[in-house]
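Asker: Mind looking at a prediction? Sequence and model below.
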Amino acid sequence: MNVFGDELSMAALRERTGDLASVAGVREVVLGNGVERGVRAVQLRTAAGLEVEVLVDRALDLGVARYRGVPFGWRSGNGFRHPGLHEHNDEGGLSWLRALDGLLVSGGLDHTLFGGEVAAEQYGYPPKQTVSHGLHGRLTAIPGRLLEAGEVWDGDRCTLRVRGEVVQAASFGEHLRLTRTIELDVDGRELRLYDVVDNLGFERTPHMFLYHLNFGWPVVDAGTEFVAPIAETVWRSDSVAEQGVSYRVQPDPKPGFVEQVHEHRLVADAEGRHRVALIRGDSTFGVEVTWDAATMPCFFEWQNLRSGQYAVGLEPSTHHVSGDAAARSDGTMTWLEHGESRAYRTTIRILDGAETTTATRDAIRRVAGQPEGNDA
């Protein structure tokens with residue numbers, strides 16, 4: 001392990017400190033004030049300076065995220081609202097926007113994207129012919145069950161690990177389970193996210209999944225570049241043409257900015273993974289996100305550049321922007337039979353210094369080129 005610049009074995013580290021928590025570790029806490037009161041969280045901290053908070057009662061999503069004290073996860077101002085405050089059907093299905101905060105807000109498990117009413121006859125319950133969904137589904141407001149939180153040693157290597165499960169279920173409805181594992185090396189600068197979704201029910205059940213990965217200042221700033229191997233942009237929100245802000249290089253915050261969303265078709269690398277990055281204009285700092293292209297083939301770039309909300313979202317997705325009803329109609333919906341599952345692997349890596357950001361940009365551009373402006 002590299003601890004504060006020294007290469008140390010487990011024995012050497014133990015000679016120098018009586019508690020690993022002096023340099024890195026895992027800590028369980030309960031948030032205690034305001035809308036966050038009662039939310040359980042697990043804080044992970046590496047010797048390299050990576051800090052990530054796992055919100056157990058917010059579907060094991062990711063809250064605060066910092067590197068060497070500098071935030072890279074976005075904070076919206078909503079706070080990490082206790083799930084008991086969430087009203088799923090409120091505000092025309094847009095109440096999810098009151099829960100949107102932190103590095104990762106997951107969408108699913110049976111619905112993502114904008115809400116609406118879809119058929120539910122597969123559940124065989126006559127009073128329930130349809131089901132109504134809000135924006136990005138119900139997952140965000142479901143508390144998780146913590147299964148593991150601690151250090152895992154393998155010889156001289158140590159991994160910080162959190163594992164838990166979230167069950168989304170209704171009588172005469174879906175019965176889906178998300179099992180989530182989050183790992184950081186004790187001296188690492190990357191977070192590894194492993195998710196498995198399986199159908200515990202005995203009815204054929206739709207499955208949609210999306211990661212709303214949110215990055216804020218100072219990773220996102222005037223001049224920050226979005227780097228991606230783009231084959232084409234298959235969809236843009238109307239606001240792109242109306243505002244004309246480049247998808248590629250971010251401006252300063254803009255009062256009243258209307259969110260811009262792009263669905264980019266990405267080219268996978270030789271290992272079958274999609275890779276995208278955000279790199280500051282001075283190339284000193286950035287983040288890279290990689291994931292399996294086969295399981296999450298779709299990708300959205302979300303530009304929320306409004307003053308006070310300033311963020312860029314990188315969103316791997318199982319389905320296209322057209323959403324639930326369209327996926328059922330065109331045959332692209334994922335249906336899980338009893339016992340079937342889908343697995344997902346994603347990595348978030350800190351890019352520290354110009355050498356690392358330049359190498360990452362070059363590696364992504366070797367996969368495929370990238371159009372300027374909004375000409376993709």
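Answerer: In hand now; what should we look at?
Asker: buried ones in stretch 249-264?
Answerer: Gln250, Pro253, Phe257, Val258, Gln260, Val261, His262, Glu263, His264 (16 or more other CB atoms under 10 Å). (Glycine included, C-beta is placed from N, CA and C.)
Asker: same question but for stretch 19-32, I mixed them up
Answerer: Those buried within stretch 19-32 under the rule 16+ other CB under 10 Å are Leu20, Val23, Ala24, Gly25, Val26, Leu31.
Asker: what about dumping the CA coordinates of it to PDB?
Answerer: Output in PDB follows, covering the C-alpha atoms of stretch 19-32 (Å, rounded to 0.1, in the frame of the first residue of the first chain):
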ATOM      1  CA  ASP A  19      -5.800   1.900  14.200                       C
ATOM      2  CA  LEU A  20      -6.200   1.900  10.400                       C
ATOM      3  CA  ALA A  21      -8.700   4.700  10.900                       C
ATOM      4  CA  SER A  22      -5.800   7.100  11.500                       C
ATOM      5  CA  VAL A  23      -5.100   6.900   7.700                       C
ATOM      6  CA  ALA A  24      -8.200   5.400   6.100                       C
ATOM      7  CA  GLY A  25     -11.400   3.600   7.000                       C
ATOM      8  CA  VAL A  26     -15.100   3.000   7.200                       C
ATOM      9  CA  ARG A  27     -17.400   4.800   9.600                       C
ATOM     10  CA  GLU A  28     -21.200   4.400  10.100                       C
ATOM     11  CA  VAL A  29     -23.100   7.500  11.000                       C
ATOM     12  CA  VAL A  30     -26.600   8.800  11.300                       C
ATOM     13  CA  LEU A  31     -27.400  12.300   9.900                       C
ATOM     14  CA  GLY A  32     -29.200  14.300  12.600                       C
END
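Asker: Give me the subset of the buried residues of stretch 249-264 lying in strands.
Answerer: Within the buried residues of stretch 249-264, residues falling in strands by DSSP state E are Gln260, Val261, His262, Glu263, His264.
Asker: now stretch 209-229: mean pLDDT?
Answerer: Regarding stretch 209-229, the rounded mean pLDDT is 98.
Asker: what about it, distance to the chain center?
Answerer: 12 Å (CA atoms, centre = their mean, to the nearest Å).
Asker: With stretch 361-368 instead?
Answerer: On CA atoms, centre = their mean, the centre of stretch 361-368 falls 22 Å from the chain's centre.
Asker: What residues sit buried inside that stretch?
Answerer: The neighbour-count check on stretch 361-368 (16+ other CB under 10 Å) flags Arg361, Ile364, Val367 as buried.
Asker: repeat for stretch 283-296
Answerer: So, applying 16+ other CB under 10 Å, buried residues of stretch 283-296: Ser283, Phe285, Gly286, Val287, Glu288, Val289, Thr290, Trp291, Asp292, Ala293, Thr295, Met296.
Asker: ok, so of these, who is nearest Gly339?
Answerer: Nearest to Gly339 out of the buried residues of stretch 283-296 is Thr295 (CB to CB; 18.0 Å).
Asker: Looks like the closest one contacts Arg342 (just checking).
Answerer: Yes. Judged on CB atoms under 8 Å, Thr295 makes contact with Arg342 at a distance of 6.3 Å.
Asker: hmm, back to that, in strands, which of the buried residues of stretch 19-32 appear?
Answerer: Counted as lying in strands by DSSP E, out of these, are Gly25, Val26.
Asker: Which one of the buried residues of stretch 19-32 is nearest to Arg189?
Answerer: Within the buried residues of stretch 19-32, the smallest distance to Arg189 is 12.2 Å, found for Ala24 (CB to CB).
Asker: thinking the closest one is in contact with Gln43, fair?
Answerer: No. Assessed by CB under 8 Å, Ala24 is found out of contact with Gln43, at 11.1 Å.
Asker: for the record, mean pLDDT for stretch 165-182?
Answerer: The pLDDT scores in stretch 165-182 average 98.
Asker: gap between the two ends of that stretch?
Answerer: With CA to CA, to the nearest Å as the measure, stretch 165-182 spans 12 Å from end to end.
Asker: What residues of it count as buried?
Answerer: Across stretch 165-182, burial judged by 16+ other CB under 10 Å covers 166-168, 173-182.
Asker: farthest-separated two in these?
Answerer: Across these (CB to CB), the longest gap, 28.1 Å, separates Gly173 and Ile182.
Asker: Val29 and Arg349: what is the separation?
Answerer: Noted for Val29: a distance of 26 Å to Arg349, by CB to CB, to the nearest Å.
Asker: Where do the helices of this structure begin and end?
Answerer: Here the chain has its helices, by DSSP state H, at 10-16, 238-243, 323-330, 354-367.
Asker: Make a markdown table out of these and add mean pLDDT.
Answerer: Listed next are these as a markdown table, based on pLDDT from 0 to 100:
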| stretch | mean pLDDT |
| --- | --- |
| helix 10-16 | 90 |
| helix 238-243 | 96 |
| helix 323-330 | 95 |
| helix 354-367 | 98 |
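Asker: Ok, which of those helices comes nearest Gly69?
Answerer: Smallest distance to Gly69 across the helices of the chain (CB to CB): 18.5 Å, for helix 354-367.
Asker: Now Gly150: closest residue in space, sequence neighbours ignored.
Answerer: Val26 (5.4 Å; CB to CB, 6 or more residues apart in numbering).
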